[in-house]
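Asks: turn this into a structure:
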Amino acid sequence: MMRNRLAAQLGSGVDRVRHGVRTPRLTALVGNRLQAGRKQVPSPSQAKSLTPTRHAGLNSMSWQEHITILVQTYLPTTLRSVHDTYTHTHTHTHKITSHHILYSSKPFDKERIKMSPPKVIVFGPTGGVGSATALEAHRLGATVYLGMRDPSKPIPIPGGLPSSLKRIPADLSGAASLARAVSETDGAKAAFLYLNYTSPDHMRGSISSLKSAGVEFIVFLSSFTVPENPSDAAPGDFIAYLHAQVELVLEDIMGRDGYVAVRPGYFNTNALKWKSTLNTAGKEGGEIKIPFPDAEFDWISPGDIGKVCGRLLVQQRTDSDREKETAVYLAGPKMLSQRSAAVELGKHLGKEDLQVSPLEEEKLIPWMMEAFGIPEPGAQVLADDWRKRSAKTDGKYQGKIHDQAVANVQRYTGEKATTWAEWVKENYDLFQD
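Replies: Below is the predicted model:
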């Protein structure tokens, strides 16, 4: 019930998207699809027929802001990508056709990188994963182009990206824009994509445009929350559901040989939500209060995710590797509670003996609503999930999938996954005012 209420509020209440573009049909589309629990992907003509409603309480937030916050905090997050094996019929209904691979079973083979590295285009290079993807592909010798909504926007990594990487105007929501971007690469055959939450057709138009422009292989950033079979993603679990729908579209348009989805766990950068409270805590014996400090996550570095994506982008597939994974799960090397993660971070910020206490129950939902900018139903869903994590009853990171997800980082990069302590040592300045 709570998830359906959340889907209804998201669908009916949010019609302002980034850059001030209003997309009321998107509001109806997402709300209606999530609430109805359908597994269909509507065509553009179907999307036009949808009629939105409004919810005054959410009009102050953009759709992307609202969803991005939830992606970064709901279950194991926002960066994520994988797709299963489905066929899209003329009635826009997906049917399973083959088995979906959960994880890589063989180490990354450097010999599979082509002698003449490909031309690739990375969309979203200003993000932590996108920038790391571009950097790794460049390091491997690929000619890398950066698809950006605003090519003048700085890339927030030390030293930025090499100036030799050409910036190209590109809007993931515009098919014509994407076609122009690919044409400017003079032959890019591979692309890195992330989920466009404002897409009314689960990125079908965008992916079709890329393929028509000559792109033959796509690396998609999905989510650890997507189930083994994406058709099993429940509409109420909207983070998994929205990523799963794009996976189905990729299978339909690109074919099983034409994409791979990368499904990472909980980003280290999610800890930035503690920044303000950490900075107000005392130097010695200071205290911070956060929801469910004993909730455990895997804490994966966006840099590690990007390295894997960059390798996949350059490697693509060989004829002998056609049957291999269409999905690669990734996870941080060690499950760690929020309490332990915060204490470790506090040491690097000069806050020895930091005390981490649970937020009072009566303050929990209001805190989440304010901190993450989400409506009450969304805060309730988030709280329920973290409560399960705290009690170790959610099962998200248990068993073989998690173990293989950790191992996959080294398989593809040749290096062990970055630990939380290592990442904090390199990035603690992000938490300072």
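
Asks: now the strands for the stretch 51-200 of the chain?
Replies: 86-88, 94-96, 119-123, 143-148, 166-169, 190-194 (DSSP state E, counting those that start in this stretch).

Asks: dump the ones you listed to CSV, plus mean neighbour count and mean pLDDT.
Replies: C-betas here are computed from N, CA, C, even on glycine. Converted to CSV, those look like this (neighbours: other CB atoms under 10 Å; pLDDT from 0 to 100):
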stretch, mean neighbour count, mean pLDDT
strand 86-88, 19, 28
strand 94-96, 17, 31
strand 119-123, 28, 96
strand 143-148, 24, 96
strand 166-169, 16, 96
strand 190-194, 26, 96
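
Asks: how does the chain divide into domains?
Replies: 2-63, 86-268+300-330 (automatic domain parsing).

Asks: comparing those by mean pLDDT, which bottoms out?
Replies: Note on the domains of the chain: lowest mean pLDDT is at domain 2-63, with a mean of 39.

Asks: how about residue 312: what's its closest non-neighbour residue?
Replies: In this structure, residue 312 finds its nearest non-sequential neighbour in residue 219, 4.9 Å apart by CB to CB, 6 or more residues apart in numbering.

Asks: what angle sits between the helix or strand hosting the one you found and strand 190-194?
Replies: Taking DSSP states H and E as the criterion, residue 219 maps to strand 217-221. Relative orientation of strand 217-221 and strand 190-194, computed by axes from the mean of the first three to the mean of the last three CA atoms, to 10 degrees: 20 degrees.

Asks: parallel or antiparallel, which strands does strand 217-221 pair with?
Replies: Using DSSP bridges, the strands paired with strand 217-221 are strand 190-194 (parallel), strand 259-264 (parallel).

Asks: reformat these as CSV; add distance to residue 147.
Replies: Below are the strands paired with strand 217-221 laid out as CSV (distance: least, CB to CB, whole Å):
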stretch, distance to residue 147
strand 190-194, 8
strand 259-264, 17
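
Asks: so after the strand holding residue 219, what's the next helix or strand?
Replies: That would be, after strand 217-221 and using DSSP H and E, helix 238-254.

Asks: relative to strand 259-264, how tilted is that next one?
Replies: Using the same axes, to 10 degrees: helix 238-254 against strand 259-264 is 160 degrees.

Asks: shift numbering so it begins at 22
Replies: That works, and once the first residue is 22, the last one we named lands at helix 259-275.

Asks: packing partners for helix 259-275?
Replies: helix 23-34, helix 45-57, helix 84-94, strand 107-109, strand 115-117, helix 225-233, strand 238-242, strand 280-285 (3 or more CB pairs under 8 Å, 6 or more residues apart in numbering; DSSP states H and E).

Asks: do you know which of the strands of the stretch 72-221 of the chain lies nearest residue 273?
Replies: Of all the strands of the stretch 72-221 of the chain, strand 107-109 sits nearest to residue 273, with 3.4 Å by CB to CB.

Asks: contact partners for the residue lying closest to residue 388 once chain neighbours are set aside?
Replies: Once flanking residues are discounted, residue 388 sits nearest to residue 380: 5.7 Å by CB to CB, 6+ apart. Listed by CB atoms under 8 Å, 6 or more residues apart in numbering, the contact set of residue 380 reads 310, 311, 312, 388.
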